[in-house]
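Participant: Structure for this input, please:
(2 chains)
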Amino acid sequence: MRLVSVKAVARKEFYHLMRDLRSLYLAFFIPLLLIFLFGYALSLDVDNVKTVVVDHDKTQLSRDFILKLNASSYFDVIHHLPHTHAVTRYLDQGLATMAITIPPGWTKDINADREAPIQVLLDGSDPNFAGLSRGYITSFVEEYNRDRLLDFLNRKGREEIKPPVDGRIRVWFNEELESRNFILPGIIAIIIMIVGAILTSLVIAREYENGTMETVRSLPIRGGEFLLGKAIPYFFIGLTDVLVAIFMGQVLFGVVMKSNFWLMVLASIIYLSVALSLGLLISVITKSQLVANQLAIIITYLPSLLLSNFVFPIGNMPKVLQIAAYIVPATYFIDILNGLYLRNLGLSHLWPSYLVLVAMFMALSTMTFAMLKREGM
Amino acid sequence: MTTSGPDVIHVEDLEKKFGRFVAVDRISFSVKKGEIFGFLGPNGAGKSTTIRMLCGIIKPTSGHGVVAGHDIFTDAEEIKGSIGYMSQRFSLYEDMTPFENIRFYLGVYSVPLEEWDDRIEWVFEMTRLQDVRHRLARELPPGWRQRLALGCALLHRPEIVFLDEPTSGVDPITRRHFWEFIDHLARAGVTVFVTTHYMDEAHNCERIVMINEGSIVATGSPSKIIGEVFPDRADADLNDVFIRLMARRNE
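Facilitator: Here you go, the predicted model:
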């Protein structure tokens, strides 16, 4: 390994990158955009469900029910509508995702110990959202009933009655159940794939397309020096993006890493190396920037997003996809991120994932090296 | 110009097959130090394949070959270090300036750092590109880019330069300047191995080999070859020879 050769290739690659708008955009703008987008806009949490109410009963009790509903942080009563048919418009246009109708005589029914139904309409076009809303409203109604019951019993002069089973729920690892706390670390995995694999998938293909590969072959440079030189600029850009993501996560979004910072850096370096060697391998095989780019998106970016336990839990996937998920490098990196960010674990627990990533890196770089050798380098 | 030096390229029964297709069919020839050696033939005759074997880019299927004292089967890397190669597609990075291109070549040829400044000045003087050293290569006219590519191939002071159709797509005046420069190089002791399909250019070569469908069909100085193919025609030139020899095989 001659450093002067590696340096020459790295410097050349750096010029290419700096003079290619599309690459610059992928290297710096997209990562920032993703952090902002996922940090601010994309949230899997459901709160302030936009609710419209139709109160046909118009009693002290029904008004009290609606006030309680609005006071809860899960619901946001945006309008009181006079008629049931006005509800349709609100749901159709997506202005509200939940509509509650209190029928006339509701209070009377309650006081007469009859069943007192209210109607809850939910917009099911987003099943996940609707499911969570349903859970919230169900427990809201249960709690309301229980409060009324206890209130009633207490007023009758009975001694205070407590419900027999009291589930005391505590959430570990992500106490506030903020989806941001696992989305932001996951974004780091996506960013590394974009910078590491999608960008580098272009770099050898570009040499083939411009005919310069022929010249490179005639130069006394070894495959290893060539690959290392190509990877270096992207390595540093990728690492910078990771540090920016960690920093922004902490400062802007309050996502604090619980475990050791250097373990995070180590994991990022290993995973970045996997991404780089994958990108270079794609590049050597395809020899075309367009094909390389498409292939890189399909085999690196999409699986990292969809099959890595990041968005969809692996346990819920069909068997075939589960197997596929275990060959996706991001699965292991997300596991490490999860452990470092949320569970405060160290190497003693996470080493298997580190090891798998190292093995993947060695396998991929060996393959890239062999492919390049076949090409006469 | 003398051609009595030692052989710097020597090949015997060199053969290259791609699957069942014989690209180069057991050719033998040698090139002497400081010689301008022309390698002529139509497209697809095996010119580029031969050059690529001699430069250590691809391995021959069988035969023997020594380039600059190194075996082409086993010492590809040593060969690459002692030759310069410029291919028909310009070997430059067009989104880089001449200065940056030169520094890249200096690096991969492992030229010692303390010599870089001298070499850089030498190349700029030789190629007369000082004024555009910080312009992007893609903005330069083809003739200038070609000079730069040649300059880059010479940065490490190679014993032999291989020029694969160096003048295709270049205007006649630039071509003439180019050949003057080639002469100059040969006089300085550099062996020049050049392929072309411009027959007027072939006259600049001391010795030529004509190749068709992978086999050598003529060897010698241009005038000797003309005399052999057309013993009774005084007005014949290399073009006539080329057409005659290439047609003969296709019948």
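Participant: For residue 100, give me its contacts.
Facilitator: Using chain A here. Residues in contact with A:I100 (C-beta atoms under 8 Å, 6 or more residues apart in numbering or on different chains) are A:T51, A:V52, A:V53, A:V54, A:I66, A:L69, A:I118, A:Q119, A:V120, A:L121. Using the backbone N, CA and C atoms, a C-beta is placed for each residue, glycine as well.
Participant: looking at chain B here, not the other one
Facilitator: By C-beta under 8 Å, 6+ apart, B:E100 lies in contact with A:R11, A:K12, A:Y15, B:Y93.
Participant: Which single one of these is nearest to A:F236?
Facilitator: A:R11 (12.5 Å; C-beta to C-beta).
Participant: coming back round to it: the contacts of A:I100: which two are farthest apart?
Facilitator: A:I66 and A:L121 (15.4 Å).
Participant: Get me the contact residues on the stretch 151-251 of chain B for chain A.
Facilitator: Residues of the stretch 151-251 of chain B that fall close to chain A, judged by C-beta under 8 Å from any C-beta of the partner chain: B:F162.
Participant: ok, now with 7 Å
Facilitator: The stretch 151-251 of chain B comes close to chain A at no residue, as judged by C-beta under 7 Å from any C-beta of the partner chain.
Participant: what about the closest residue to chain A within the stretch 151-251 of chain B, which helix or strand?
Facilitator: Per C-beta to the nearest C-beta, B:F162 is where the stretch 151-251 of chain B lies closest to chain A, at 7.9 Å. Per DSSP states H and E, B:F162 falls inside strand B:160-164.
Participant: what's the spacing between the residue nearest to A:S5 when sequence neighbours are not counted and B:A149?
Facilitator: Closest residue to A:S5 apart from its sequence neighbours, by C-beta to C-beta, 6 or more residues apart in numbering or on different chains: A:E225 at 4.5 Å. The gap separating A:E225 from B:A149 is 22 Å, by C-beta to C-beta, to the nearest Å.
Participant: Please, where are all the strands along the chain?
Facilitator: In the absence of a named chain, this looks at chain A. Counting by DSSP state E, chain A has strands at residues A:49-55, A:75-81, A:98-102, A:119-122.
Participant: hm, I was asking about chain B
Facilitator: Using DSSP E, the strands found in chain B span residues B:7-18, B:21-32, B:36-40, B:62-67, B:70-71, B:83-86, B:160-164, B:191-196, B:207-212, B:215-220.
Participant: Strand partners (parallel or antiparallel) of the fourth one?
Facilitator: In this case it means strand B:62-67. The pairing partners recorded for strand B:62-67 under DSSP bridges are strand B:7-18 (antiparallel), strand B:70-71 (antiparallel).
Participant: quick check: angle from it to strand B:160-164?
Facilitator: Using axes from the mean of the first three to the mean of the last three C-alpha atoms, to 10 degrees, the inter-axis angle of strand B:62-67 relative to strand B:160-164 is 120 degrees.
Participant: I'd like to know how far the nearest residue to A:P233 once chain neighbours are set aside sits from B:F104.
Facilitator: Leaving aside its chain neighbours, A:P233 sits nearest to A:F14 (4.5 Å; criterion: C-beta to C-beta, 6+ apart). A:F14 sits 11 Å away from B:F104, going by C-beta to C-beta.
Participant: Report how many residues lie close to A:N111.
Facilitator: Around A:N111 there are 11 other residues, counting by other C-beta atoms under 10 Å in any protein chain shown.
Participant: Likewise for B:S28?
Facilitator: B:S28 sits with 15 neighbouring residues when counted by other C-beta under 10 Å.
Participant: you'd agree it is up against B:H10?
Facilitator: No - judged on C-beta atoms under 7 Å, B:S28 makes no contact with B:H10 at a distance of 8.7 Å.
Participant: roughly how far apart are A:H16 and chain B?
Facilitator: Per C-beta to the nearest C-beta, to the nearest Å, A:H16 is found 6 Å from chain B.
Participant: quick one: contacts for A:L280?
Facilitator: A:T200, A:I204, A:L227, A:K230, A:A231, A:T368 (C-beta atoms under 7 Å, 6 or more residues apart in numbering or on different chains).
Participant: The same query, at a cut-off of 6 Å, please.
Facilitator: Going by C-beta atoms under 6 Å, 6 or more residues apart in numbering or on different chains, A:L280 touches A:T200, A:L227, A:T368.
Participant: again, but for B:S48
Facilitator: B:S48 is in contact with B:D164, counting by C-beta under 6 Å, 6+ apart.
Participant: Now chain B against chain A: closest residue?
Facilitator: Residue nearest to chain A within chain B: B:G107 (2.3 Å; C-beta to the nearest C-beta).
Participant: That residue contacts A:A8, correct?
Facilitator: Yes - at 2.3 Å, B:G107 and A:A8 qualify as touching, with contact defined as C-beta atoms under 6 Å.
Participant: ok, how many other residues are close to A:G94?
Facilitator: A:G94 has 11 nearby residues by other C-beta under 10 Å.
Participant: Torsion angles phi and psi at the closest residue to it other than its chain neighbours?
Facilitator: Distance criterion C-beta to C-beta, 6+ apart; nearest residue to A:G94, sequence neighbours excluded, is A:D123 at 7.1 Å. The phi/psi pair for A:D123 (degrees, to the nearest 10) reads phi -80, psi 110.
Participant: From chain B, how far out is A:D123?
Facilitator: Going from A:D123 to chain B by C-beta to the nearest C-beta gives 52 Å.
Participant: count of residues packed around that residue?
Facilitator: So A:D123, with other C-beta under 10 Å, has 18 neighbours.
Participant: Surely it and A:L95 touch.
Facilitator: No - in this structure A:D123 lies outside contact range of A:L95 using C-beta under 6 Å: 10.1 Å.
Participant: ok so, going back, can you pull the contacts of the residue of chain B closest to chain A?
Facilitator: A:V4, A:S5, A:A8.
Participant: where are the low-confidence patches of chain A?
Facilitator: The model of chain A has pLDDT under 70 over residues A:42-44, A:158-163.
Participant: Find the centremost residue of it, please.
Facilitator: The residue lying closest to the centre of chain A (C-alpha atoms, centre = their mean) is A:I183, at 3.7 Å.
Participant: which residues touch that one?
Facilitator: Contact analysis of A:I183 by C-beta under 6 Å, 6+ apart lists A:F38.
Participant: Quick one: name the residues of the stretch 1-150 of chain B near chain A.
Facilitator: Contact residues, the stretch 1-150 of chain B versus chain A (C-beta under 6 Å from any C-beta of the partner chain): B:55, B:57-58, B:77, B:80-81, B:85, B:87, B:89, B:91, B:95-96, B:100, B:104, B:107-108, B:110.
Participant: Out of those, which end up buried?
Facilitator: B:55, B:57-58, B:80-81, B:85, B:87, B:89, B:91, B:95-96, B:100, B:104, B:107-108, B:110 (16 or more other C-beta atoms under 10 Å in any protein chain shown).
Participant: and the residues you listed, which two are the farthest apart?
Facilitator: B:I58 and B:E100, at 28.9 Å, using C-beta to C-beta across those.
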